[in-house]
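> kindly return the folded structure for what I paste below:
(chains A and B)
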Amino acid sequence: MKKRFLGGIIFSFLFAAAVQGYAQELSVDQIVEKANRAAYYAGKDGLADVRMTITDAQGRVRSRQFKIMRLTIATGGEQKFYVYFNEPADVAQMTYMVWKNVGRDDDRWLYLPALDLVKRIAAGDKRSSFVGSHFVYEDVSGRSIHDDTHELTQATDTYYKLKNIPNDPKGVEFSYYYIWIDKANFMPKKAEYYNSKDQLIRVIEAVEVKDIQGYPTVIQSVTKDLERGGETVMEFDNIRYDIGLTEDIFTERYLRQAPAQWIK
Amino acid sequence: MAAAVSAVSVFSPVPAQAARPSVHGFSEFAYGVKVSDDTTKRDNFNLLEERLQLKSNYAFDGEGYWARRGGTLNFKGDFTVDEYFSGRTDFELRELNFSWTPASWMDAKFGRQTLTWGTGDYLFVNDLFPKDYQSFFTGRDDEYLKKPSDAFRISIYPAAANIDFIMAKFTPNTTADGDRVSFFDSLQGGIAGTNSDRQLVEPPLQLSNNEYALRVYRGLGSHELALYFFSGFNKSPDSYKDEAARQLFYRRLDAYGASLRGPFFGGIGNAEFGCYNSRQDSDGNNRLIENSMIKFLSGYEKDMGDDLKVGFQYLYEQRLDYDNYTDNLLAGDFIFDESRHLLTQRLMKLYKNQTVTVSLFNFYSPTDKDGYARPSISYDLSDQWKLALGANLPWGEDDLTEFGQMKKNKNVFFRARYSF
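Alright, predicted model coming up:
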């Protein structure tokens, strides 16, 4: 079964498995697998308020506020996401849904309330910006762990450092990236992306990680575009795991009408 | 690696906020300069207006029945000052409805609301809800292509499929009337402006003139299958009630169709079919009433990466009983073709962290020898300010085709919007 990985420090807030602390003699694949689960698969389901602060190279600031819900269908595999936008005003009440698939493109829908229009979004490019931020779609839904070849380059007392080289260099803006994984809980703490000239072009960092209901959870993360300038800070609030979300929430019914039980 | 403990806890309990209605909306200035001559009311522009949109909703709170049933009151209204009509002020109620969940497997919405379904991009086969084509051709935001309906919508969700049932009061499309937008008026024998003197007769407001629309849909893996049924009126006046009195009317129309949409060759593919039964001329013998018709639409959209999206559509339309139609024409009648092929193309590219959108939408009909180009560029100055510049460029060899008749309405528009 294909499994997804990193980039997605960001949504890892919801997702982190309670992991046994002492992991010795783990293979690279085991580390990657554990980190993938820690970053994306905490709890059966979860919900959080997200605030994104996007600062462009000229220092202009924009913000996004949305509520996100996530349901895991298969641990390490399929998941469903639901996003409800609160701000800015011109996208308020817009909803967005992703079915993260395994072995094929994700399914994405967008609902535009002004037109009462349910749009199907071509999955296509996972390296394009998520809602105008410096995070990319793949940071959100996760990069398949089979898309890269992983190599353990360093292991200290506190973290593993992995080098990841894309199997298909076409369609990605980086040549390779490093990732630091916390040995204590397998949470990815930082990722650095390099171009073919070995220049650092992009950094994602989990600035603050907290324990929520027993799951290590990213409370704040930041990504910096070192090529063009600009950064996005993402903050999570009101995080709740295992609240009993059901699969029917992730359908056109609730895309058109946000589930009042969860979205106020 | 121990997580740093922040001094300020972000988990201080926040008391649940009471459902207080908040007001959002925008204020907008729009100006559309005309770049072709016709005989409408004004030569220089066909759009010049200020608009204030306010929207709000109130969700019932507490333990009462409506709170438990998710009762929500929704409002959206537009105040406009229309300089095209010398500063005429107007208010358009775009939404005033009450939505609730009568049962776990059912949703309901009663009141004024926007209704949309189907799979087309600017092309509609089974979406027979009201549209505003004047807005579309003069450069208002896409939102205004859809006109709200006064309707009662019930959606039910049994296991096998989902069902939408809509009962609505008849609302006509806003089509070219010669005042603002010129069009082909057969009573004038060509493209007409203010000289158009036709009368549009709406069906009287009575129960038997209610419209009904039904959609049954379900997912098939990643694909969506839908069946449609509609019984009501054709919302554009294309048939004659009394030729001598220059009266046109909205003929009765029944339609049924189906659509399929889903992943296709790395993009999204869609196919939709519709069969229109012109009930007052079902055999096609009446030269004054438009014939029955079939429509087939297919489309494909793909994300090319780097924030570039492309889309293509093909629409085929065919008048049924065409021989009966031509056999019954009188000398001097205009003849419309039996079939029409229409192609569309959408190109959309985003720049600068998705704050700049460059878009080109093209309609082209090889059979009608006409088309319509919609280039635009918009820029999100901030979360509040948005600027848009674009053009509406319909063209055509003939005067009576869908886009050819609009060719004198070419404009270049500018909009500035402040959202709050």
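
> show me the contacts for residue 91.
Picked chain A for this. Taking Cβ atoms under 8 Å, 6 or more residues apart in numbering or on different chains as the contact definition, A:Val91 lies against A:Arg64, A:Phe85. From N, CA and C alone the C-beta is placed, and that goes for glycine too.

> that's the other chain; I wanted chain B
By Cβ under 8 Å, 6+ apart, the contact set of B:Phe91 is B:Gly77, B:Asp78, B:Phe79, B:Thr80.

> swap the cut-off to 6 Å and go again
Residues in contact with B:Phe91, defined by Cβ atoms under 6 Å, 6 or more residues apart in numbering or on different chains, are B:Phe79.

> which secondary structure state does it sit in?
strand (DSSP: H, G, I helix; E, B strand; the rest coil).

> what's the spacing between B:Leu52 and B:Asp90?
To B:Asp90, B:Leu52 is 11 Å away according to Cβ to Cβ, to the nearest Å.

> what about the two, which has more around it?
Set side by side, B:Leu52 and B:Asp90 show more neighbours around B:Leu52, with 15 against 12, by other Cβ atoms under 10 Å in any protein chain shown.

> so which strand or helix has the more buried one?
Element membership for B:Leu52, per DSSP states H and E: strand B:45-59.

> what lines up beside that strand in the sheet?
Sheet pairing of strand B:45-59 (DSSP bridges) gives strand B:23-34 (antiparallel), strand B:72-82 (antiparallel).

> dump the ones you listed to a markdown table, plus distance to A:Pro216, mean neighbour count and mean pLDDT.
Shown next, in a markdown table, are the strands paired with strand B:45-59 (distance: least, Cβ to Cβ, whole Å; neighbours: other Cβ atoms under 10 Å in any protein chain shown; pLDDT from 0 to 100):
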| stretch | distance to A:Pro216 | mean neighbour count | mean pLDDT |
| --- | --- | --- | --- |
| strand B:23-34 | 37 | 18 | 96 |
| strand B:72-82 | 37 | 18 | 97 |
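
> tell me which of the ones you listed sits nearest to B:Ala331.
Minimum separation from B:Ala331 across those (Cβ to Cβ) falls at strand B:23-34, 36.1 Å.

> quick one: pLDDT of B:Lys55?
B:Lys55 is assigned a predicted lDDT (pLDDT) of 95.

> scratch that, B:Asn291 is what I was asking about
B:Asn291 is given a pLDDT of 96.

> show me what contacts the residue nearest to it when sequence neighbours are not counted?
Spatial nearest neighbour of B:Asn291, excluding adjacent residues (Cβ to Cβ, 6 or more residues apart in numbering or on different chains): B:Gly284 at 4.3 Å. Contacts for B:Gly284 (Cβ under 6 Å, 6+ apart) come out as B:Asn291, B:Asp321, B:Asn324, B:Tyr325.

> for the first one, give me its contacts.
Each residue near B:Asn291 by Cβ under 6 Å, 6+ apart is listed here: B:Ser278, B:Gly284, B:Arg319, B:Leu320, B:Asp321, B:Tyr325.

> so for the helix or strand hosting B:Ile191, mean pLDDT?
Counting by DSSP H and E, the element that carries B:Ile191 is strand B:190-192. Averaged across strand B:190-192, pLDDT comes to 94.

> cool, stretch B:412-420 as well?
The model assigns stretch B:412-420 a mean pLDDT of 97.

> give the buried residues for it.
Buried residues in stretch B:412-420, counting neighbours by 16 or more other Cβ atoms under 10 Å in any protein chain shown, are found at B:Val412, B:Phe413, B:Arg415, B:Arg417, B:Tyr418, B:Ser419.

> next one: stretch A:167-180
For stretch A:167-180, burial by neighbour count (16+ other Cβ under 10 Å) applies to A:Val172, A:Phe174, A:Ser175, A:Tyr176, A:Tyr177, A:Tyr178, A:Ile179, A:Trp180.
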